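*Asks:* Any chance you could fold what I've pasted below:
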Amino acid sequence: MSIEQHVYATARAGLPYLFAPAQGHSGAAPLVVFLHGARDRGNDLTKLLAWGFPKYVNEHAPRPYYWLALQIPEDSTWPEWQDELFALIDKTRAVHDDIDRVLLSGFSLGSAGVWQIASSHPERFAGLVVVSGRVPDAVGREGLARLQHTPVWVFHGDADDKAPVAGAAEAVSTLQSLGAPARLTLIPGGDHFIADEVYGSDELQHWLAVTRAPSTATA
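*Replies:* A predicted model of the protein is given here:
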């Protein structure tokens, strides 16, 4: 076990969160922030640790990146907690001064949060990983255009019946038409719940460790 469990006290609520330090690295390291899906909302971190990215981080060390996952309350969405998320990121960076950039990843509801939060504040993120997610209508082409300098890797199951793959493919196509460093990986036969396979990929883990956006290298 390598994950720490904490509660972040905010004016609105005490928000549980998971944190894992970087290990086995020298010099600067990224901070990878994970936004969970709808079914993992609440006040119980064991729900996050049961699968996907949190499970991977908890079971695999060393990792050449810091890792952070906030848990938001039931019946809420990620943009509603953006201020608290940014405050926790900034607090983490103040404590660990070897963090030189931040990458944002999300699954399902968390992926919608990634699109919306990152397109509103592209200067804060050096890369995005989007898993099984829709692009919110509020983002649109204008929001995607703000990500034209941000590396984006989208993963989607080609048999996903909860968030059809067409939306993910269209978003990547739009980003590529804008010159963005965006890529789409389809999981053959994959349904909505592909997170274990995606985050267990050695290629993705390497990408998380080395990726930086040219215009946001110290974001």
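
*Asks:* What is the burial count for Arg124?
*Replies:* Neighbourhood size, Arg124 [other CB atoms under 10 Å]: 18. For glycine as for every other residue, the C-beta is placed from the backbone atoms N, C-alpha and C.

*Asks:* and it, how far is that from Leu31?
*Replies:* Here Arg124 is placed at a distance of 11 Å from Leu31 (CB to CB, to the nearest Å).

*Asks:* so what sits against both of these two?
*Replies:* 89, 102 (CB atoms under 8 Å, 6 or more residues apart in numbering).

*Asks:* just the strands in this protein please.
*Replies:* Secondary structure of the chain, counting by DSSP state E: strands at 4-9, 14-20, 29-35, 66-70, 99-107, 127-131, 152-157, 182-187.

*Asks:* Could I get those strands in CSV, plus columns for mean neighbour count, distance to Ala169 and mean pLDDT?
*Replies:* Shown next, in CSV, are these (neighbours: other CB atoms under 10 Å; distance: least, CB to CB, whole Å; pLDDT from 0 to 100):
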stretch, mean neighbour count, distance to Ala169, mean pLDDT
strand 4-9, 13, 36, 97
strand 14-20, 19, 31, 98
strand 29-35, 24, 21, 98
strand 66-70, 23, 27, 98
strand 99-107, 24, 18, 98
strand 127-131, 27, 12, 98
strand 152-157, 25, 8, 98
strand 182-187, 18, 6, 98
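
*Asks:* Dihedrals phi and psi, Pro21?
*Replies:* Backbone torsions of Pro21, given as degrees, to the nearest 10, read phi -80, psi 160.

*Asks:* Double-check it against Leu68; I have them as touching.
*Replies:* No: applying CB atoms under 8 Å, one finds Pro21 not in contact with Leu68, separated by 10.4 Å.

*Asks:* For the residue of the chain most remote from its centre, give its distance to Ala38.
*Replies:* Distance to the chain centre peaks in the chain at Ala11, reaching 24.2 Å (criterion: CA atoms, centre = their mean). Computed as CB to CB, the Ala11 to Ala38 distance reads 24 Å.

*Asks:* Let's see stretch 105-124 as PDB, backbone CA atoms only.
*Replies:* Extracted in PDB, the C-alpha atoms of stretch 105-124 (Å, rounded to 0.1, in the frame of the first residue of the first chain):
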ATOM      1  CA  SER A 105      -7.000  12.700 -15.900                       C
ATOM      2  CA  GLY A 106     -10.600  11.600 -15.400                       C
ATOM      3  CA  PHE A 107     -13.000   8.700 -15.900                       C
ATOM      4  CA  SER A 108     -16.600   9.100 -17.100                       C
ATOM      5  CA  LEU A 109     -18.000  12.000 -15.000                       C
ATOM      6  CA  GLY A 110     -14.400  12.800 -14.200                       C
ATOM      7  CA  SER A 111     -13.600  13.000 -17.900                       C
ATOM      8  CA  ALA A 112     -16.400  15.500 -18.400                       C
ATOM      9  CA  GLY A 113     -14.800  17.500 -15.600                       C
ATOM     10  CA  VAL A 114     -11.400  17.300 -17.200                       C
ATOM     11  CA  TRP A 115     -12.800  18.700 -20.500                       C
ATOM     12  CA  GLN A 116     -14.600  21.500 -18.800                       C
ATOM     13  CA  ILE A 117     -12.000  22.500 -16.200                       C
ATOM     14  CA  ALA A 118      -9.000  22.200 -18.500                       C
ATOM     15  CA  SER A 119     -10.600  24.100 -21.300                       C
ATOM     16  CA  SER A 120     -11.400  26.900 -19.000                       C
ATOM     17  CA  HIS A 121      -7.900  26.900 -17.500                       C
ATOM     18  CA  PRO A 122      -5.500  25.400 -20.000                       C
ATOM     19  CA  GLU A 123      -2.500  27.200 -18.600                       C
ATOM     20  CA  ARG A 124      -2.700  25.000 -15.500                       C
END
